[in-house]
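Visitor: One predicted model, sequence on top.
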Amino acid sequence: MKKTKIAILGGAGFIGHNLALELSKNKSYEILIIDNLGVNNLKAKFHTPKVNKRLLSSILKNRLNLLKKNKLKTLDINIKNFNLLKKKMISFKPNYIFHLAAVSHANISNIDPKYTFDNSVDTLLNTLEIVKILNCHLIYLSSSMVYGNFNGKKVNENTKCDPLGIYGNFKFMCERMIQSYHQVFNTKYTIIRPSALYGERCISRRVGQIFIENALMNKNIEINENGDEKLDFTYIKDFVSGIKKIINNKKSVNQIFNLTYGSGRKINDLLKILKQYFPNLKVKYANRDKLTPIRGTLSNTKVRNLLKHKSKFSIDKGYTSYIQWYLDFFKKNKRFLS
């Protein structure tokens, strides 16, 4: 049986390695990971002195060991090296290319736009050129940040995008680049807009991870304003389950999908769950960053109707599972983390 070949650029990252592990369960897929660990890892610029690098190093090592254990081929290639990337892709001949190679932290994008564009926009351009050459299907991970402020409304894929700051704007610009290539070269694409992802082995400073990490270290948890803001928290297991529905599905071609749980929950709801494990949790309230959009619920009606994907994990179930994983991991590795 001819296998479906899938290349995951940035495949050792939080989303990428979870996706690769899930896809590897299907023996009709042949998977190639390309990642030099140069952006969203411990060498990346967004890691501040406040981060417990020993803890995150342990999680990253766990990630890489799982990829190795599941015999997932990983190439250490800088995706900015177009000629080398093209050579490897022409040799592999993928049916699908997942582009996950980008800066994943909004604060760093606003601090250092050049770094962001060099490691996000330029890498996408290389990928688009390869997609054009090989006539394969590009799957791009965008962001709910492209919408900007939700203005109290549930947003869908037809909602006008009005992003704030560098991060939301570069993601939207990348979406337009992809659609432009489709218009000119008839390349195939699927754009995915996730929201507030959380889950096992995350080290990219997402809110769910930061809360647990600070609780373990007896540090204050800092939240914007009064904690009543809502985010559409999405568990990584739900997310990769939805992505699987894109592969070999004609209904996914040249489409944009919100791939989220589909219901916004307050930041305070996340804290309530965490306080069940850390009753003495210390919370510090801070002023909102004006470049952080006020978000909420993303409609997932389109992905449910077209791809028949239904999310299973509310934060009550998913975040609880994630906390328990982190506690177990921390306990096993505690002697290395002090």
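Guide: Looks like it came in fine.
Visitor: from here on, contacts and neighbour counts on C-alpha atoms
Guide: Will do.
Visitor: What's the first helix or strand after the helix or strand in which residue 127 is found?
Guide: Using DSSP states H and E, residue 127 maps to helix 122-134. With elements assigned by DSSP H and E, the helix or strand that comes after helix 122-134 is strand 137-141.
Visitor: mind checking how far that next one is from the chain centre?
Guide: 13 Å (Cα atoms, centre = their mean, to the nearest Å).
Visitor: so how far is the lowest-mean-pLDDT helix or strand in the chain from its chain's centroid?
Guide: Counting by mean pLDDT, DSSP states H and E, the chain has its least confident helix or strand at helix 106-111, which shows a mean of 82. Taking the mean of its C-alpha atoms, helix 106-111 sits 16 Å from the chain's own mean (Cα atoms, centre = their mean).
Visitor: Kindly report the same for stretch 83-101.
Guide: With Cα atoms, centre = their mean, you get 20 Å for stretch 83-101.
Visitor: Use 44 as the first number from now on
Guide: Sure, I'll start counting at 44 from here, so that last one is stretch 126-144.
Visitor: Of all the residues in that stretch, which ones are buried?
Guide: Buried residues in stretch 126-144, counted by 16 or more other Cα atoms under 10 Å: 128-129, 132, 136-144.
Visitor: Name the residues that touch it?
Guide: 47-54, 58-59, 78, 120-122, 162-163, 166-167, 170, 173-174, 177, 179-184, 290 (Cα atoms under 8 Å, 6 or more residues apart in numbering).
Visitor: on that earlier part again, summarise which helices and strands the helix or strand just after the least confident helix or strand of the chain is packed against.
Guide: With elements assigned by DSSP H and E, the helix or strand that comes after helix 149-154 is helix 156-159. Counting contacts by 3 or more Cα pairs under 8 Å, 6 or more residues apart in numbering; DSSP states H and E, helix 156-159 packs against helix 149-154.
Visitor: first vs last residue of stretch 141-159, how far apart are they?
Guide: The first residue of stretch 141-159 is 19 Å away from its last residue (Cα to Cα, to the nearest Å).
Visitor: roughly how far is the helix or strand containing residue 369 from the heart of the chain?
Guide: Element membership for residue 369 (DSSP H and E) is helix 358-376. Relative to the centre of its chain, helix 358-376 is centred 19 Å away, using Cα atoms, centre = their mean.
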